[in-house]
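>>> Here you go, sequence then predicted model.
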Amino acid sequence: MTRIAVTGLGAISALGATLEDNWQAALAGRGGIARCVMGDSPYGPGGLELPMARVAEGYDALLDERMGKPTAGALDPFAKFALAPAAEALDQAGLRGHPVLEERTAVIFGHGLGGLATLEVGYERFFGLKSPRLHPSTVPKVMVSAGVSAAAMAFEIKGPVFAVSSACASSAHAVAQGAAMIAMGQVDCALVGGSEAISTAGCVRAWDAIRAMSPATCRPFSADRDGMVLGEGGAVMMLEAWDHATARGATILGELVGWGMSSDAFHITQPSPEGQARAVRQAVTMAKAQGRDDILVSAHGTGTPLNDAAETQSIVEVFGEAGRKLPVIATKSAHGHLIGGSAVLQAAIGLRALKEGLAPPIQNFNERDPACDLDLVLGEARPVQSRLLLQNAFAFGGLNVALMFAAA
Amino acid sequence: MAQIPSDDELFDVISKEALIDRATLSREANLEDLGIASLDVISVLFEVEERFGILVEAEELTDCKTLGQLMDKVKAKAESAAA
C-alpha cells in the first residue's frame, strides 16, 4: 500500500495560535481552561458560569495578518479555527503555490457542528429583536463546509474538497478519508483536520443539559473526574504520498501507518468498549503493531466517568494486560474538548511527543481510579522511547476512530 | 430614524463587509475592479440599514458603476427619508 507521510502540522486552541505554542504549553503542564460566563445577551435567561478553554481574543487580526488580506470578517469562528492551522500546515509542508494543489490535493475537515456563533446572532435578531432581516452572509458562514471552502479558496486547492461530521471523532474521520484517497491514488496530498467553535451562549446551555460538563475542570482518568470541558480551536495536518514527499525533499514529521473505524450501533451518548476496541484493533492490525511495547497512547480521555473507564477497557481488550504498561497521555486536560477538532490537535501534540521523546503530563489529576488502571503520564513530562502513536477518537453516537502514526 | 452617513463611514462599512483593504477605496473606484460581488452589495446594504437606519434595495443600485455613485444613492435615500 502507498505509504503516507505527515509533512505539515498546524493548531490553534486556548493553549496558543500555533502548534509550537500548543506543544510547549502541554509539555510544561500549562492549561488553557478558565472560568467563563457565557450568555449575557438581553434576550437570554442570564449568564452561565462554567470552565471553558477558549481561544484568546485578538484572533481576527492575527488571522488577517497570516493570510495577508482581510479574511476573518467573512468567516464564522469555526471556519477561522480551521483556516489558520491549515495555513500553518501548508507552510510547514512547503506546499504554498505548489502545482500539486491544482488537482491532486484534497481538503477534508471535520466539524461536529457548523457556524453556531453566526446562527445564534441570527436567531437573536429573529426571535429576540423580531427582525425579519438576517445578515446576507448567514448561510455561507453557518454551513459546515465553510471551513474547507475557505481553505480551498485561500490556497487555490482545486481537488476534492468537502467536510465530514461525526461529532467528537470528526477530524479523525477526515484523516482516515484523506488517507484512503491517497492510498487509492486519487490524490497525492490531503489537507485534513477539523475545528470547532461551539462555546456560544445557546450551545453551552445545550451541553449543560446533557450533564456531561464538569463544573470544575477536566481530569481524565482521575477518580474524582466529573465531566468534560468544552474547548475552542482546530488543527490540521498535511498528509502526503510518501514518494511524492521524498521526491520533493520534504521534511517528514511522521507516518500514518494505520487507521480503523467502527460504530457501536448501541447508544447515542453511552460508549461501548467493544465498539472502541474494534476500531483500535483495526488500526493496530493495519500498522502491524501487535505486540509492540513502544506505543504512546493519546487517549480520547474526555474526563467523563463513563468515557475514561470504557477507554481503559478497550485498551486492555486490544493489547491485553500489556496495554496497562503503555504510557497514556490525555491532552484534553490542557486544551479542553474541541469536539470536531480534538483528534488532530491531540495527534499533532502526540507526534511532537514522539519526536522529542517526551510525553506531556495529564493535568488536573488528583487520585487513581481502579477502573482506569493504566500507565498514566502524571505530574510532569516523562521521557519515553515510543516509536508509535495511537490516537483514539470516540464520538457520541458510538462513532469510533483510531489512528496509528509512526515517528519520522 | 435615518442618519446621513459620511463618506468615511460608508468606506468603513464597505471595507468590512466586502473584505477590501480600506486604503484602496475611493469614490472613483470601479465596483467591478474592486471585485464587489452581489453578496457583498447586499451585505453592505444590510449594515447600512443596521447602522444608519436607511433601507436601500439592491435593485436600486443596478446602474451604479463606481463606489461614489453607490454612496450617493445611499445618501440620497437617507436625505429623502430624513426630509
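Happy to help now that I have it.

>>> ok, which stretches of the stretch 301-408 of chain A are strands?
All strands of the stretch 301-408 of chain A, identified by DSSP state E, counting those that start in this stretch, fall at A:327-329, A:358-359, A:375-376, A:382-383, A:388-395, A:399-407.

>>> what's the most buried one of these?
Stretch with highest mean neighbour count among the strands of the stretch 301-408 of chain A: strand A:388-395 (a mean of 28; mean count of other CB atoms under 10 Å in any protein chain shown). From N, CA and C alone the C-beta is placed, and that goes for glycine too.

>>> List the neighbouring strands of that strand plus their orientation.
Taking DSSP bridges as the criterion, strand A:388-395 sits next to strand A:295-298 (parallel), strand A:399-407 (antiparallel) in its sheet.

>>> one step back: dump the strands of the stretch 301-408 of chain A to JSON lines, plus mean pLDDT.
Compiled in JSON lines, the strands of the stretch 301-408 of chain A are given as follows (pLDDT from 0 to 100):
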{"stretch": "strand A:327-329", "mean pLDDT": "98"}
{"stretch": "strand A:358-359", "mean pLDDT": "98"}
{"stretch": "strand A:375-376", "mean pLDDT": "98"}
{"stretch": "strand A:382-383", "mean pLDDT": "98"}
{"stretch": "strand A:388-395", "mean pLDDT": "98"}
{"stretch": "strand A:399-407", "mean pLDDT": "98"}
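
>>> export the strands paired with strand A:388-395 to a markdown table and tack on distance to residue A:330?
A markdown table is the format used below for those (distance: least, CB to CB, whole Å):
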| stretch | distance to residue A:330 |
| --- | --- |
| strand A:295-298 | 8 |
| strand A:399-407 | 15 |
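
>>> how about stretch A:52-63, does it get close to chain B?
No - using CB under 8 Å from any CB of the partner chain, stretch A:52-63 stays clear of chain B, with a minimum separation of 11.1 Å.

>>> With distance to residue A:127 added, can I get the strands of the stretch 301-408 of chain A in a markdown table?
A markdown table is the format used below for these (distance: least, CB to CB, whole Å):
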| stretch | distance to residue A:127 |
| --- | --- |
| strand A:327-329 | 43 |
| strand A:358-359 | 48 |
| strand A:375-376 | 46 |
| strand A:382-383 | 51 |
| strand A:388-395 | 30 |
| strand A:399-407 | 32 |
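
>>> Show me what from the stretch 51-200 of chain A comes close to chain B.
A:69-71, A:73-74, A:133, A:135-137, A:140.

>>> ok, of those, which come out buried?
Neighbour-count burial (16 or more other CB atoms under 10 Å in any protein chain shown) is assigned, among these, to A:70-71, A:73-74, A:135-137, A:140.

>>> how about a markdown table for those residues, with pLDDT, distance to residue A:13 and secondary structure added?
Output for those, formatted as a markdown table (pLDDT from 0 to 100; distance: CB to CB, whole Å; DSSP: H, G, I helix; E, B strand; the rest coil):
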| residue | pLDDT | distance to residue A:13 | secondary structure |
| --- | --- | --- | --- |
| A:70 | 89 | 24 | coil |
| A:71 | 92 | 20 | coil |
| A:73 | 91 | 22 | helix |
| A:74 | 93 | 22 | helix |
| A:135 | 94 | 28 | coil |
| A:136 | 93 | 31 | coil |
| A:137 | 94 | 26 | coil |
| A:140 | 96 | 25 | helix |
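
>>> The one residue in the stretch 251-400 of chain A that gets nearest to chain B: neighbour count?
Relative to chain B, the nearest point of the stretch 251-400 of chain A is residue A:341 (24.4 Å; CB to the nearest CB). The number of residues packed near residue A:341 is 35, by other CB atoms under 10 Å in any protein chain shown.

>>> Name all residues that make contact with it.
A:13, A:81-82, A:110-111, A:170-171, A:193-196, A:233-235 (CB atoms under 8 Å, 6 or more residues apart in numbering or on different chains).

>>> mind checking which of the strands of the stretch 301-408 of chain A is nearest residue A:250?
Smallest distance to residue A:250 across the strands of the stretch 301-408 of chain A (CB to CB): 16.2 Å, for strand A:399-407.

>>> so where do the helices sit in chain B?
Secondary structure of chain B by DSSP state H: the helices cover B:7-18, B:31-34, B:38-52, B:67-82.

>>> how about JSON lines for the ones you listed, with mean neighbour count added?
Shown next, in JSON lines, are these (neighbours: other CB atoms under 10 Å in any protein chain shown):
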{"stretch": "helix B:7-18", "mean neighbour count": "18"}
{"stretch": "helix B:31-34", "mean neighbour count": "14"}
{"stretch": "helix B:38-52", "mean neighbour count": "18"}
{"stretch": "helix B:67-82", "mean neighbour count": "17"}
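
>>> okay, the ones you listed in CSV with mean pLDDT and distance to residue A:287 next?
Shown next, in CSV, are those (pLDDT from 0 to 100; distance: least, CB to CB, whole Å):
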stretch, mean pLDDT, distance to residue A:287
helix B:7-18, 95, 49
helix B:31-34, 92, 52
helix B:38-52, 92, 46
helix B:67-82, 92, 58
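
>>> So which of the ones you listed is nearest chain A?
helix B:38-52 (4.3 Å).

>>> Check which helices and strands that closest one sits against.
helix B:7-18 (3 or more CB pairs under 8 Å, 6 or more residues apart in numbering or on different chains; DSSP states H and E).

>>> what number of residues lie near residue A:153?
Residues lying near residue A:153 (other CB under 10 Å) number 12.

>>> mind checking the SS state of it?
helix (DSSP: H, G, I helix; E, B strand; the rest coil).

>>> ok, now which ones touch residue 61?
All of this is about chain A. With contact set as CB under 8 Å, 6+ apart, residue A:61 has these partners: residue A:72.

>>> think we crossed wires, I meant chain B
Contacts of residue B:61 by CB under 8 Å, 6+ apart are B:41, B:45, B:70, B:73.

>>> quick one: the last one from residue B:65, how far?
As for residue B:73, its distance to residue B:65 is 12 Å (criterion: CB to CB, to the nearest Å).

>>> For the residue nearest the centre of chain B, which residues are in contact?
For chain B, residue B:71 is the residue whose C-alpha lies nearest the centre (CA atoms, centre = their mean; 4.9 Å). Counting by CB under 8 Å, 6+ apart, residue B:71 makes contact with B:7, B:10, B:27.

>>> Kindly confirm my reading that residue A:238 is in a strand.
Yes - counting by three-state DSSP, residue A:238 is part of a strand.

>>> My understanding was that it contacts residue A:94; is that so?
No - the pair residue A:238 and residue A:94 does not pass the contact test of CB atoms under 8 Å, sitting 9.5 Å apart.

>>> Check what pLDDT the residue most central in space within chain A gets.
The centre of chain A sits closest to residue A:342, judged by CA atoms, centre = their mean, with a distance of 2.1 Å. Listed pLDDT for residue A:342 reads 98.

>>> between the strands of the stretch 301-408 of chain A, which one is nearest to residue A:366?
Per CB to CB, nearest to residue A:366 of these: strand A:375-376, 11.9 Å.

>>> which residues are contacting that closest one?
Strand A:375-376 is contacted by residues A:221, A:324-328, A:330, A:362, A:365 when judged by CB under 8 Å, 6+ apart.

>>> mind redoing it with 6 Å?
A:221, A:325, A:327-328, A:362 (CB atoms under 6 Å, 6 or more residues apart in numbering or on different chains).

>>> try stretch A:392-406
Contact with stretch A:392-406 is made by A:166-169, A:172-173, A:175, A:254-264, A:266, A:268-269, A:271-272, A:275-276, A:279-280, A:283, A:287, A:299-300, A:343, A:351, A:388-391, as judged by CB under 6 Å, 6+ apart.
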